[in-house]
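Asks: One predicted model, sequence on top.
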Amino acid sequence: MIIQENIPLAAYTTFKIGGPARFFCVALNERDLLEAVKFAKGKELPIFILGGGSNILISDDGFSGLVIKVELKGIIYRELDHGAVAVSASAGEIWDDLVGETVSRGLYGLENLSAIPGTVGASPVQNIGAYGVEVSNSIESIKVLDTEQMKIVELSKSDSRFAYRDSVLKCEKGRYIVIGVNFELNKRGKLNTDYKDIREYFSRRNVSEPNISEVRQAIIEIRQNKLPDWRKWGTAGSYFKNPVITADKFKELKNKYPKLPGFPESDGQVKLSLGWILDKVCRAGGMKYGKAQVYEKQALVLVTMPGATATDVVGLSRELIKLVKDKAGIEIEGEVEWVC
């Protein structure tokens with residue numbers, strides 16, 4: 001393993017912006033990870049773990065510690081007694097490649113999470129979710145390096161404390177580095193096609209009982225039509241979390257905006273469609289700040305043009321936070337991680 005100095009990070013993120021890392025290395029195996037963490041501890045440096053760079057915004061000043069790019073590879077499939085399959089995927093595997101492979105094997109569980117950029121290692125940190133499914137639904141355990149104990153341990157699903165776009169990995173940032181994720185997928189499963197966009201997709205094609213491959217293809221096409229291609233645009237996908245509010249607050253907003261979508265939560269609260277609020281209430285589509293812009297097809301997404309800075313993105317996000325507060329009276333928070 002080689003520790004490099006002053007490495008520009010913009011090329012390692014889908015936003016395509018950000019300053020240099022003071023120190024930078026690539027970890028290809030568990031030994032590399034241990035050596036990198038020991039190096040950082042010896043110099044009392046903060047550590048940032050880099051996967052696909054798809055859900056982060058790096059400061060224009062860069063990162064003053066050690067950036068470890070995790071590239072551990074390997075996927076193992078193991079048959080279980082009850083008709084399921086255990087899938088162990090290393091942290092450096094590309095997330096959508098894993099989803100595509102499990103779908104091609106006819107394994108149910110991850111198909112609704114198709115076309116999400118990033119790596120396997122990042123998926124449990126944010127508890128990624130889309131179209132009615134969260135990755136935690138299929139996770140059995142997570143293999144991690146505990147940097148406090150300097151030991152490799154396994155976190156169970158309950159240990160992981162999954163919540164909406166949250167987990168213990170995110171709450172105790174810096175303590176755990178994901179080495180691999182263990183999933184349990186099913187050979188016989190029920191497809192989740194209740195999400196409005198998916199229903200409409202198959203309705204237009206007169207398909208009443210799609211198979212798992214057709215659901216994956218539907219989601220890929222829906223995302224392509226709705227979201228910017230991260231290979232062409234500077235973007236981190238959805239920049240904000242969908243807010244969760246009380247039922248009384250939802251009723252108040254519904255009276256004011258009758259078409260406002262709301263999704264009941266198990267605790268009695270209601271999750272809102274922030275994209276709808278930004279688009280229909282705030283009229284934020286196309287709004288600009290410097291060289292950062294709200295994507296016109298999906299107001300929940302921020303995109304950058306050549307020459308954009310992290311300062312532009314932060315400035316735009318602050319204006320949107322204020323706009324939503326003024327128009328709807330609710331606080332919103334970012335989903336994208338700020339690295340400085």
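Replies: Sure, I can see it.

Asks: quick one, strands of the stretch 151-300 of the chain?
Replies: For the stretch 151-300 of the chain, the strands defined by DSSP state E, counting those that start in this stretch occupy 151-156, 176-186, 234-238, 244-245, 262-264, 270-272, 288-289, 292-294.

Asks: Please find the angle between the direction vectors of the longest one and strand 151-156.
Replies: Between strand 176-186 and strand 151-156, the angle formed by their directions is 40 degrees, by axes from the mean of the first three to the mean of the last three CA atoms, to 10 degrees.

Asks: helices or strands next to strand 176-186 in the packing?
Replies: Here strand 176-186 touches helix 30-42, strand 63-70, strand 84-90, helix 123-126, strand 139-146, strand 151-156, helix 168-171, going by 3 or more CB pairs under 8 Å, 6 or more residues apart in numbering; DSSP states H and E. In short, each C-beta sits where N, CA and C put it, glycine included.

Asks: Using CSV, please lay out these together with mean pLDDT, mean neighbour count and distance to Met305.
Replies: Compiled in CSV, those are given as follows (pLDDT from 0 to 100; neighbours: other CB atoms under 10 Å; distance: least, CB to CB, whole Å):
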stretch, mean pLDDT, mean neighbour count, distance to Met305
helix 30-42, 98, 17, 34
strand 63-70, 98, 22, 24
strand 84-90, 98, 20, 35
helix 123-126, 96, 26, 26
strand 139-146, 98, 21, 37
strand 151-156, 98, 14, 40
helix 168-171, 96, 18, 30
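
Asks: Now stretch 216-229: buried residues?
Replies: Of all the residues in stretch 216-229, those buried under the rule 16 or more other CB atoms under 10 Å are 216-219, 222-223, 227-228.

Asks: and the spatially most central residue of the chain, what pLDDT?
Replies: Note on the chain: the residue nearest the mean C-alpha position is Ile128, at 4.6 Å, using CA atoms, centre = their mean. Ile128 is assigned 97 on the pLDDT scale.

Asks: Quick check: closest non-adjacent residue to Ala310.
Replies: Once flanking residues are discounted, Ala310 sits nearest to Asp60: 4.8 Å by CB to CB, 6 or more residues apart in numbering.
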